[in-house]
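>>> structure for the following, please:
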Amino acid sequence: MRPDPGELVSCAALLLLSRIGGMFVVPVPLPPFSHLEKQYTKRIEFYAAALEVVHKDLETIFTGENLTVTIKHRVKSLKNLYEKLCRRLPGLPEDTTRIVPTDLMGIRIVCPFLADIDRAAKLIEAQFEITEKEQKGAELGSKEFGYESLHFLVRCPEKVRDLHGLSTDTVIEIQVRTLLQDAWAEVEHQLIYKSEFSPLDEPLKRRLAALNANLTLSDIMFQEIRDYQENLHDQLRQRRHAFWNKINLLEASPLGPVDQEKIRPDTVLPRNNDQRLLEALLAHNEGDLERAVEIYNVILENEVRHELRSIVYVHRGMAHFSRDDLIAADLDFSRAIEEDPRNSKGYLYRGLVKTVQENYPAAFANFTLCLNRDPFSQDALLERAKLFYKTGDMEKCREDCRHILDINPENKKAAELLGQL
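Sure thing, here's the model as predicted:
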């Protein structure tokens, strides 16, 4: 009796799938589910163990590069694989004799922001042998929205293959996307991909497109906000560095007020306070203190919350200080405290002005008031310790230095001052 053709196919499938660690190759026509299940079950533990190792390696790489992402991994279930193969079969060429699934082993990397995708992609390309790279959604027009994600097919690393007995042609699919893209992909998968029907009616299609458009635009807006914040923080760091350099130069030689130059009348200012603050900091860091003060003035002329006015007064006070106008600086730091008594920086910087003016009792009082509001302020502790040293109270100087080193053992200035005692 001649064997049934279906049995021949099933036997071929079992032969193809029999070697543990080899690529999972499925013959066409598709064998019955039960014929694949036994061989698949033998392999899944090897795939799962290998993915766990790759997952941990990726976590180590991203942490080392200070890139915060969420990493997930999964081995595709045979049920989901079989359903996908059944959907794919009608669209395959007639001469197809086998299918090699490339998404059995999958890793998903979810990033908070769009720019993080590029950083993650570069790390992946540096770490793995890439066999395929695809930007899902790249084919969409400027007025179209849909599933977006960056997909890689990578060869399983040699050390992982050797450890778990996998073949050299074993691949892993790695998807990289944002949080919002991931949310859309999950919803789309449930509403459309796994559905038995397609949303062909135009109103439903328009609603889905509108939802995805909102998510896409939100991703862009989140990235813009993050870029603004990073730029702002960078300018703040630069301005703070310049301010403390100025303090080091002036501590031994108090300066009096100077005449302010006239403000340029032809300067065009940004229209919102966020951009004004950023431009003021840029001008401040570039040494254009006249323009910085001018922009701070414009911000303060607007309706601004008390705590924000307090911050702007601190910024303007630092600009006045950099212009050697200690009276104006002292006045602005006092205004910052009036607007928000919780603003410890106002007390710190007012104390620095008093130090430069050699008004040591007032300086001590301000540093102590700063520490009452922020007991972990290393700047206030260090400036107070330096004053104790200058006025001969070595025991209190030593106490403040030790307090700083308890907070931050790497504080070199505190260690140097303590070494001088």
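>>> what's the domain layout of the protein?
Annotated domains of the chain cover 5-198, 254-420 [automatic domain parsing].
>>> let me see the mean pLDDT of the shortest one.
Confidence for domain 254-420, expressed as mean pLDDT, is 82.
>>> re earlier: deepest of the domains of the chain, which one?
Of all the domains of the chain, domain 254-420 has the most neighbours on average by mean count of other Cβ atoms under 10 Å, namely a mean of 18. Every C-beta, even on glycine, is put in place using the N, C-alpha and C of the backbone.
>>> check the offset of that one from the chain's centre.
Relative to the centre of its chain, domain 254-420 is centred 29 Å away, using Cα atoms, centre = their mean, to the nearest Å.
>>> OK, contacts around Thr41?
Residues near Thr41 by Cβ atoms under 8 Å, 6 or more residues apart in numbering: Leu78.
>>> hang on, I meant Asp332
By Cβ under 8 Å, 6+ apart, the contact set of Asp332 is 313-314, 316-317, 320.
>>> how much space between the most centrally placed residue in the chain and Ser218?
In the chain, the centroid-proximal residue (Cα atoms, centre = their mean) is Thr68; its distance is 5.6 Å. Look at Thr68 and Ser218: by Cβ to Cβ, to the nearest Å, they are 19 Å apart.
>>> test of understanding: give the bridge partners of Arg108.
Taking DSSP bridges as the rule, Arg108 bridges to Lys72, Gln175.
>>> so what pLDDT did it get?
Per-residue pLDDT puts Arg108 at 95.
>>> same deal with Gln127?
With respect to pLDDT, Gln127 scores 94.
>>> residues touching Lys122, list them.
Shown in contact with Lys122 (Cβ under 8 Å, 6+ apart): no residues.
>>> ok, it to Asp116 distance?
Distance, Lys122 to Asp116, using Cβ to Cβ: 11 Å.
>>> what number of residues lie near Arg206?
Arg206 has 11 neighbours, counted by other Cβ atoms under 10 Å.
>>> begin at 31 from now on, thanks
Let's use 31 as the start, then, which means that last one is Arg236.
>>> where's it, which helix or strand?
Assigned by DSSP states H and E, Arg236 belongs to helix 232-280.
>>> what is the mean pLDDT for that helix?
67.
>>> all helices for the stretch 331-451 of the chain, in order.
336-352, 356-369, 374-386, 390-403, 408-421, 424-437, 442-450 (DSSP state H, counting those that start in this stretch).
>>> as CSV, those with distance to Gly121 would be great.
Output for the helices of the stretch 331-451 of the chain, formatted as CSV (distance: least, Cβ to Cβ, whole Å):
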stretch, distance to Gly121
helix 336-352, 59
helix 356-369, 67
helix 374-386, 65
helix 390-403, 68
helix 408-421, 65
helix 424-437, 65
helix 442-450, 67
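>>> which among those is found nearest to Glu324?
Set against Glu324 and scored by Cβ to Cβ, the helices of the stretch 331-451 of the chain come closest in helix 336-352, at 9.8 Å.
>>> quick check: Asp404 vs Asn389, distance?
Where Asn389 is concerned, Asp404 sits at a distance of 22 Å (Cβ to Cβ).
>>> still on that earlier bit, now the following helix or strand past the helix holding Arg236 and helix 336-352, what's the angle there?
Using DSSP H and E, the next helix or strand after helix 232-280 towards the C-terminus is helix 303-315. Orientation note: helix 303-315 sits at an angle of 20 degrees relative to helix 336-352 (axes from the mean of the first three to the mean of the last three Cα atoms, to 10 degrees).
>>> which strands and helices sit next to helix 303-315?
When contacts are defined as 3 or more Cβ pairs under 8 Å, 6 or more residues apart in numbering; DSSP states H and E, helix 303-315 packs onto helix 232-280, helix 319-331, helix 336-352.
>>> poorly predicted segments of the stretch 81-230 of the chain, please.
In the predicted model of the stretch 81-230 of the chain, residues 167-178, 219-230 satisfy pLDDT under 70.
>>> before I go, just wanted to say thanks for your time.
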